[in-house]
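Trainee: Generate coordinates for the sequence data below:
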Amino acid sequence: MRYLLVLLALTFVGSLTASAQNQRVDNRYQRDIDRKLAVMDYLMSDRGFSRSHDHTIDFLYEGQRDGYTLNLDAGRTYHFMATCDEDCNDIDLRLYTYNGRLIQSNTRSDSLPIITFRPSYSGTYRIEADMYSCSTEPCYYGIGIYR
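Mentor: Okay, the predicted model is just below:
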C-alpha cells in the first residue's frame, strides 16, 4: 500500500514538474513578444504615435486564425502591427467591419504585418491574426495598435 502511495505521489510531482517546465517555455515566448511590442511602442512613440488599445498576446497553430473586436473613432488614423516568436515565419493581419466585411489586410510573406486605417465612422471593428507559417507549434504573437 505504501508503495502505491509513493508511486502516486511521484506521478503527481512529475506532472507538476512537467507543467512548470511547459509554463517556463510559454513564459519565454511571451517575454519575447513583450520585448518586441515594447520596441514597437518605442519606435511608434518616437514618430509621434501612442498606443490606443492594450496589447494582445496569444498563440496560434499553423493555419489558425483568431481575433477580437475593438472600437475605433472616425477620422483618426490607426496603425495595426503584429509580431510573432522566433518559430513563426509568416503571420497575416486582417481588419473587418463589425458585420464581417473585409476592409484591409496584410498577407505578405513576413512576420511583421502592418495595416494603416482611417475609419470614416466610429464603431466596432474586428482585427484578426492568421498564423500562416509556424515551424514549431504553437507560435506566440502580439498585436499593437497605435494612433
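Trainee: need the contact list for the closest residue to Pro119 other than its chain neighbours.
Mentor: Sequence neighbours aside, Leu72 is the residue nearest to Pro119 in space, at 4.7 Å (criterion: Cβ to Cβ, 6 or more residues apart in numbering). In short, each C-beta sits where N, CA and C put it, glycine included. Counting by Cβ atoms under 8 Å, 6 or more residues apart in numbering, Leu72 makes contact with Tyr78, Phe117, Pro119, Ser122, Gly123, Tyr125.
Trainee: Got the confidence number for Asp130?
Mentor: With respect to pLDDT, Asp130 scores 98.
Trainee: Name the next helix or strand downstream of the strand or helix carrying it, please.
Mentor: Assigned by DSSP states H and E, Asp130 falls within strand 123-134. Stepping forward along the backbone from strand 123-134, the first helix or strand reached (DSSP H and E) is strand 139-146.
Trainee: contacting residues for Arg118?
Mentor: Going by Cβ under 8 Å, 6+ apart, the list of residues near Arg118 reads Gly75, Arg76, Thr77, Tyr78.
Trainee: May I ask which helix or strand of this protein has the lowest mean pLDDT?
Mentor: With mean pLDDT, DSSP states H and E as the measure, the helix or strand of the chain carrying the lowest mean pLDDT is helix 2-46 (a mean of 64).
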